[in-house]
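Novice: I would like the atomic coordinates for the input below:
(chains A, B, C and D)
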Number of protein chains: 2
Amino acid sequence: MARSQRTITHSQLTEAQERFIRTWGQMGPSWGISRTMAEVHAMLYIVGQPLNTDEVMERLSISRGNASMSLRALVEWGLVTRVHKRGDRKEYFEADRDAWSMARTIIRERLRREILPLLTTLYEIRDETGERVAEAPTSGAPATPEAIAEHNRRLDALVELIQTIDKLGERFVGTEGKGGGGLKLAATVLSKVV
Amino acid sequence: MARSQRTITHSQLTEAQERFIRTWGQMGPSWGISRTMAEVHAMLYIVGQPLNTDEVMERLSISRGNASMSLRALVEWGLVTRVHKRGDRKEYFEADRDAWSMARTIIRERLRREILPLLTTLYEIRDETGERVAEAPTSGAPATPEAIAEHNRRLDALVELIQTIDKLGERFVGTEGKGGGGLKLAATVLSKVV
DNA sequence: CTGTATTTTCAGGAATCATTGAAAATCATC
DNA sequence: GATGATTTTCAATGATTCCTGAAAATACAG
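Specialist: Numbering: from 1, shown residues only, chains lettered A, B, ... in the order given. Below is the predicted model:
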């Protein structure tokens, strides 16, 4: 049941936007991006319309250089796109408006930038200490091989974990379509099965 | 088909451990913990046996203070436990040996430390601009309310997303048992359904 | 309780990361 | 291609985080 309608003033809206921007910005560092970059993203998302560099600079009180770098990084992440306005030489930036596709983008990029390189290196490290342990344990294992086997077992377990995360992520990312796609569907499926 | 058995020397094993420690350590910063803390964890995991502070200090070439703080933080995360040895006054530290339970711990803690506070704040911000939009759009909406509604719609979408992530996470964490529990099962289920 | 071993704390220094601001580069228009 | 608008780059500075080392606190044995 809906509560009674309140009148929200313009400054209250701005206030709420500010608070959202700060909150989102704080998450940045724990997600591997800088606070400012997260703030710029938050702002473009919450205002919901394209802004140019000067507007970003002014609203967040940051330098031109910082604004330029942050915006470029967001574009590279695929979270923000450049748009042009007729009769205006300035570049405008617009955030992806669909929260779910945003999530997919973040997952996709983090897989690409962090998980895949990690997996590659883990494979290399794994190769330094011989082949995978066979299903049946090697009979008559000598002295050192015991330590090797344990080491390999731990590495294999971690590799399997990271592979699973990678596969899960790709599934989430893979299913296209508005309204959540794979991620939302996965949540629904899991809530019933697990 | 298995490749031929290779002989792995002791120093090769140490080499592989070192490389693993460095690799895991590099991930730290993008996961919101310090490089050293990740390295300490990696080392305890890969050597697979309890080590004391001095051994950690020496092997990673870090100070006593640093070792102490990193170990304490890992214990607080629940990734490492203190163990005591008979006839030895030193404290030893041992990493969780099960990679899957390790993953559950990390997810549980990140939900608690990051997602829940974020959700709380988002709810507060959401409350600043009135009730949820009803299923049927409000008829005859006045001037400012349009902007408010858009703002709220964007916030709501984000809240729904974060809630879903939270629920998913709790499901992964919730199912106990060795061998992966919810996380592994989820991966299996999804690979068939999505 | 005393002495010793061990752990914790934390101020200061070191290292890393983020930001500025202005110069250089790019771009669009005439 | 000259001009002015706009964007990008990057060396220098500032801010933040991390680490050290030694002093204080704690734990334990005799």
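
Novice: switch to C-alpha atoms for all contacts and neighbour counts from now on
Specialist: Noted.

Novice: for chain A, what spans make up the strands?
Specialist: Counting by DSSP state E, chain A has strands at residues A:51-52, A:80-84, A:91-95.

Novice: Save the ones you listed as JSON lines, and put in distance to B:Pro50 too.
Specialist: Shown next, in JSON lines, are those (distance: least, Cα to Cα, whole Å):
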{"stretch": "strand A:51-52", "distance to B:Pro50": "55"}
{"stretch": "strand A:80-84", "distance to B:Pro50": "47"}
{"stretch": "strand A:91-95", "distance to B:Pro50": "49"}
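
Novice: Take those strands and lay them out in JSON lines including mean neighbour count.
Specialist: Formatted as JSON lines, the strands of chain A follow (neighbours: other Cα atoms under 10 Å in any protein chain shown):
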{"stretch": "strand A:51-52", "mean neighbour count": "18"}
{"stretch": "strand A:80-84", "mean neighbour count": "16"}
{"stretch": "strand A:91-95", "mean neighbour count": "21"}
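
Novice: would you list these in CSV and tack on distance to DNA strand D and mean pLDDT?
Specialist: Below are those laid out as CSV (distance: least, Cα to the nearest atom of the strand, whole Å; pLDDT from 0 to 100):
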stretch, distance to DNA strand D, mean pLDDT
strand A:51-52, 6, 97
strand A:80-84, 9, 96
strand A:91-95, 3, 97
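
Novice: for these, which one sits closest to B:Asp54?
Specialist: strand A:80-84 (48.6 Å; Cα to Cα).

Novice: just checking, what packs against the closest one?
Specialist: In terms of contacts (3 or more Cα pairs under 8 Å, 6 or more residues apart in numbering or on different chains; DSSP states H and E), strand A:80-84 is packed against helix A:64-77, strand A:91-95.

Novice: wait, does that strand contact DNA strand C?
Specialist: No - Strand A:80-84 does not reach DNA strand C (Cα under 7 Å from any atom of the strand); its nearest approach is 9.7 Å.

Novice: so of the helices and strands packed on strand A:80-84, which one's packed in deepest?
Specialist: Most buried of the helices and strands packed on strand A:80-84, by mean neighbour count (mean count of other Cα atoms under 10 Å in any protein chain shown): strand A:91-95, with a mean of 21.

Novice: How far does that strand sit from its chain's centre?
Specialist: On the basis of Cα atoms, centre = their mean, to the nearest Å, strand A:91-95 sits 20 Å off its chain's mean C-alpha point.

Novice: same deal with stretch A:78-91?
Specialist: On Cα atoms, centre = their mean, the centre of stretch A:78-91 falls 23 Å from that of its chain.

Novice: for that stretch, how far is the first residue from the last?
Specialist: 16 Å (Cα to Cα, to the nearest Å).

Novice: Check stretch A:100-119 too.
Specialist: 26 Å.

Novice: now check it, is it near chain B?
Specialist: Yes - Stretch A:100-119 reaches chain B (Cα under 8 Å from any Cα of the partner chain) through A:Trp100, A:Glu114, A:Leu118.
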